[in-house]
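Q: 3D, please:
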Amino acid sequence: MMKKFLTFIILILLLLSIIIWLNLPKITPYYTQLTKTRIGLNFDLQPESQKDAHFIGSKKCQECHEENYHDWGNSMHAKMIQTIKTDPSVVVADFTKLPEDADFTLAQAVYTIGSKFKQRYMIPAQINGKEDFRLGNYQWNSQNKKWQSFKPYKYWYKDAYPHDNKSFPTSTTCDGCHFTGYMSTGKREELSISCESCHGPGSKHVKDPKNAIFKASLSDPMRTNEVCFQCHMRNRDKRMETQDATSKDLWMDAKDYPDGYEPGKPLINYKLPAPFSPGEETKEFWANGAAKKNRTQGNEYIHDRMYKHGITCINCHNPHKLTNTAKKPEGNDACMKCHAFGSIIGPHQDRLEDHTQHKANSKGSLCIECHMPKTAKHTGKSPLTVRSHLFTFTYPAQTKAYGMPPETNACYACHKDKTLKSLQDDLKNWGKLEWEKLELSNTSF
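A: Below you'll find the predicted structure:
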């Protein structure tokens, strides 16, 4: 009798446990991550065994980490820099249509840079008294299949370099992010963005696995993002902050990467983010902080609530496979890993249609279409394909108030037959405006 009673009690407890588990917020599995102690941005997390280690290349990593190596090898990080002579097929441009005033030929080019959205070409050059590389004055736009003029000195370092592609070195402007190890050693240790770009030099770890390498996922989540932010955050040369210098003062030496940084070190000591003040539009950001250019994910994300609460880049993107990309988004499943209807973090409705006011299988019910609208281009002549990482919904009235092009607004992107005012009115009629947005809608049109 007692045995049956105990069995009954166990079954009841098991049933209650299942009910409780099924009703827990989806964010529950991330509780440990979100409640990790915040140690601050200036604390050195690099393992001691890496302090005097050197770079050994991804082939050494493959010996023990075959699956991760395989996944990385098929990602775009592995293909950022490719050698033309080794594999001519890496060239995606049509060189038969290269403009006559091009300052390079295919025969001169050694490396390709990128391919998915645009491709540029590295040509050997003697610059500033040393062997270096420079970029051709044309780049291939992979999105519209056309050559277009490329003048790298027109970016923020326009006062730091001659206005001549042949005198513009990749060593100080490109190589820190595109070649593994260059950021900290000044040597092109390995082509492209490989294992040690995110985990740091691995010579001691290879000799003895007990010698740790930096693993971002074990860190304070604010610090986890730094392996991505080292390159996916537009910046200025750090010396422009500490020495009160301008780019003109850094003639032929302005760095477009955090010089000296290695994963685990405090990125804030090496990187000066591109300047932005709310309400002021720049060449890189709209006045609301949304991206006008690619590679600004970090600049946007640090202003978002998810970042502040401890959600990291690698919660949404597999760092080895580089899944859930702009070209191949995972859809609502990526967001609903944490969010759920009626949960403490929302959406605070019972059905998708109630949240979006669109049919469940329509574009208007895709999370990224409203919370990550396309606000930027990869080149001036490219279509809008860069998705914002601000995540907060930008209302039509805000788009108008900030002087942003209508097509950067999530509503207008699909409803070009309407005006921003009518779209704002639709939101008002649906009861989708908060007090401050309601006030804005009444005063901005």
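
Q: go ahead and confirm Gln82 touches Leu191.
A: Yes - contact criterion Cβ atoms under 8 Å: Gln82 and Leu191 qualify, at 7.1 Å. The way it works is simple: take the backbone N, C-alpha and C, and place the C-beta from them, glycine included.

Q: okay, and the common contacts of those two?
A: Residues within reach of Gln82 and of Leu191 at once, by Cβ atoms under 8 Å, 6 or more residues apart in numbering, are Tyr111.

Q: mind checking the longest strand of the chain?
A: strand 118-127 (DSSP state E).

Q: what separates the helix or strand that that strand is followed by from the chain centre, distance-wise?
A: For strand 118-127, the following helix or strand on the C-terminal side (DSSP states H and E) is strand 130-135. Centre-to-centre, strand 130-135 and its host chain are 27 Å apart (Cα atoms, centre = their mean, to the nearest Å).

Q: could you say what helices and strands strand 130-135 packs with?
A: strand 118-127 (3 or more Cβ pairs under 8 Å, 6 or more residues apart in numbering; DSSP states H and E).

Q: would you mind getting the angle between the strand it packs on and strand 130-135?
A: 150 degrees (axes from the mean of the first three to the mean of the last three Cα atoms, to 10 degrees).

Q: tell me where the model's unsure across the stretch 51-200 of the chain.
A: When residues are selected by pLDDT under 70, none of them lie in the stretch 51-200 of the chain.

Q: all strands of it, in order?
A: Assigned by DSSP state E, counting those that start in this stretch, the strands in the stretch 51-200 of the chain fall at 81-83, 111-113, 118-127, 130-135, 138-141, 146-149, 179-180, 190-191.

Q: count of residues packed around Ser422?
A: Using other Cβ atoms under 10 Å, Ser422 has 14 other residues around it.

Q: how close does it sit to Lys118?
A: Distance of Ser422 to Lys118, given as Cβ to Cβ, to the nearest Å: 36 Å.

Q: what of Asp244?
A: 35 Å.

Q: those two: which is more packed in?
A: Between Asp244 and Lys118, counted using other Cβ under 10 Å, the more crowded position is Lys118 (21 against 8).

Q: what sits against the more buried one?
A: Residues in contact with Lys118 (Cβ under 8 Å, 6+ apart) are Gln139, Trp140, Asn141, Ser142, Gln143, His378, Thr379, Ser382.

Q: any idea what the second one is bridged to?
A: Beta-bridge partners recorded for Trp140 (DSSP bridges): Gln119, Trp147.

Q: give me phi/psi at Pro383?
A: Note on Pro383: backbone dihedrals following degrees, to the nearest 10 are phi -70, psi 170.

Q: can you tell me how far it is from Gly114?
A: Counting by Cβ to Cβ - Pro383 and Gly114 are separated by 17 Å.

Q: among those two, which residue is more densely surrounded?
A: More neighbours surround Gly114 than the other of Pro383 and Gly114, with 19 against 13 (other Cβ under 10 Å).

Q: what stretches of the stretch 301-445 of the chain score poorly on pLDDT?
A: For the stretch 301-445 of the chain (pLDDT under 70), the answer is 438-445.

Q: does Cys417 count as helix, strand or coil?
A: Slight slip there: residue 417 is Asp, not Cys. Of the three states, Asp417 takes coil under DSSP: H, G, I helix; E, B strand; the rest coil.

Q: and it, what are its phi and psi?
A: phi -80, psi 0.

Q: do Ser247 as well
A: phi -60, psi -30.

Q: check contacts around it.
A: Trp156, Tyr157, Lys158, Asp159, Ala160, Arg236, Asp237, Met240, Ala254.

Q: ChimeraX command for the buried members of the residues you listed?
A: Buried residues within the contacts of Ser247, by 16 or more other Cβ atoms under 10 Å, are selected in ChimeraX with:
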select :156,157,160,236,237,240,254
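
Q: from the contacts of Ser247, which single one is nearest Asn318?
A: When those are compared for distance to Asn318 (Cβ to Cβ), Arg236 wins out at 30.5 Å.

Q: quick check: beta-bridge partners of the closest one?
A: Leu272.

Q: quick one: the longest helix anywhere in the chain to chain centroid distance?
A: Using DSSP state H to define each element, the chain has its longest helix at helix 2-23. Between the centre of helix 2-23 and the centre of its chain there are 46 Å (Cα atoms, centre = their mean).

Q: try stretch 242-262
A: Relative to the centre of its chain, stretch 242-262 is centred 22 Å away, using Cα atoms, centre = their mean.

Q: measure that stretch end to end?
A: Chord length of stretch 242-262, first to last residue, is 20 Å (Cα to Cα, to the nearest Å).

Q: stretch 174-188 too?
A: 11 Å.

Q: what residues does it touch?
A: With Cβ under 8 Å, 6+ apart, stretch 174-188 has contacts from 55, 58, 80-81, 113, 133, 135, 170-171, 189-197, 201, 230-231, 255-262.

Q: would you map the helices across the stretch 151-300 of the chain?
A: Secondary structure of the stretch 151-300 of the chain (DSSP state H, counting those that start in this stretch): helices located at 175-178, 182-185, 195-199, 203-207, 221-224, 226-229, 239-242, 297-301.

Q: relative to Leu267, which of these is closest?
A: The nearest among the helices of the stretch 151-300 of the chain, by Cβ to Cβ, is helix 226-229 at 4.2 Å.

Q: now what about that closest one, what contacts it?
A: By Cβ under 8 Å, 6+ apart, the list of residues contacting helix 226-229 reads Ser197, Cys198, Phe214, Ala216, Pro263, Leu267, Lys271, Gln297, Gly298, Cys313, Ile314, Pro319.

Q: and the contacts of stretch 174-188, which are buried?
A: Among the contacts of stretch 174-188, those buried by neighbour count (16+ other Cβ under 10 Å) are 55, 58, 80-81, 113, 133, 135, 170-171, 189-197, 201, 230-231, 255-259, 261-262.

Q: re earlier: neighbour-wise, which of the contacts of Lys118 leads?
A: These, ranked by neighbours (other Cβ under 10 Å): first place Trp140, 27 neighbours.

Q: how far does stretch 348-355 sit from the chain's center?
A: On the basis of Cα atoms, centre = their mean, stretch 348-355 sits 29 Å off its chain's mean C-alpha point.
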